[in-house]
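A.B. asks: Turn this into a model:
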Amino acid sequence: MLLLLRLLRLRLAGIRLQSPRQLAAGIEGRRGWSGQGQGRIEMGSGAWIEQGVLLHAYGGAIRIGPNAFLGPYTVIYGHGGVEIGADCLIAMHCRILSSNHTVPPFGTEIRSQPDVLRPTKIGRDVWLGAGVTVLGGVTIGDGCIVGAGAVVTKSLPPGSIAHGTPATVHGHRAGSPSC
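C.D. replies: Coordinates of the predicted model:
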């Protein structure tokens, strides 16, 4: 019954969900508006969304593939567009961004400047460890593993194993195209 109530609340907020497996308490989805219109948030079937997840499109788009898992207190900002592939495992407290602030000259307020939209794509079967931050404009290839606490500032090829701040590739999954 609680799952149905949470599902209804998110659908009334305009979020497209296809048969989720789990919608925990405290999930917040906001589509927002931008110059291009109202934002979109879509979740594929079998998605598992844990407690406290924030999905804020800010007029952009967030697309979560089938059977993806979003761990507790994950935050996704979709200004510039975020795509998360099927079968991904996004651990607790991850942050996925798709924009950056304009850096104006000193003396001009940063907050008064427009965002720079930077689409972010996470391929299928990706594992982001606890507390990973993915910055805007990054593509994480299919089958990557990113270690806990990493900050991903550059794109990662398929099958990479990366960790650190900034995240660097330290190996590849056996059989990956990057071997």
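
A.B. asks: Please work out the average pLDDT along the helix or strand harbouring Gly171.
C.D. replies: With elements taken from DSSP states H and E, the one containing Gly171 is strand 168-172. Confidence for strand 168-172, expressed as mean pLDDT, is 97.

A.B. asks: now for it, which elements pack on it?
C.D. replies: strand 160-163 (3 or more Cβ pairs under 8 Å, 6 or more residues apart in numbering; DSSP states H and E). Glycine gets a C-beta too; all of them are placed from N, C-alpha and C.

A.B. asks: tell me how far the strand it packs on is from the chain's mean position?
C.D. replies: In terms of Cα atoms, centre = their mean, to the nearest Å, the centre of strand 160-163 is found 18 Å from the chain centre.

A.B. asks: So which elements touch it?
C.D. replies: Using 3+ Cβ pairs under 8 Å, 6+ apart, strand 160-163 sits against strand 145-146, strand 168-172.

A.B. asks: List the buried residues in the longest one.
C.D. replies: By that I understand strand 168-172. Val169, His172 (16 or more other Cβ atoms under 10 Å).

A.B. asks: That one pairs with which strands, and in what direction?
C.D. replies: Sheet pairing for strand 168-172, assigned by DSSP bridges, gives strand 160-163 (antiparallel).

A.B. asks: Outside of the partner strand itself, list whatever touches it.
C.D. replies: Under the criterion Cβ atoms under 8 Å, 6 or more residues apart in numbering, residues 129, 141, 144-150, 152, 156, 168-173, 176, 178 lie in contact with strand 160-163.

A.B. asks: So for it, mean pLDDT?
C.D. replies: 98.

A.B. asks: Alpha carbons only: can I get it in PDB?
C.D. replies: Taking C-alpha atoms only, strand 160-163 is exported to PDB below (Å, rounded to 0.1, in the frame of the first residue of the first chain):
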ATOM      1  CA  SER A 160      37.300   0.900 -16.500                       C
ATOM      2  CA  ILE A 161      38.000   0.600 -12.800                       C
ATOM      3  CA  ALA A 162      38.600   4.100 -11.400                       C
ATOM      4  CA  HIS A 163      39.100   5.700  -8.000                       C
END
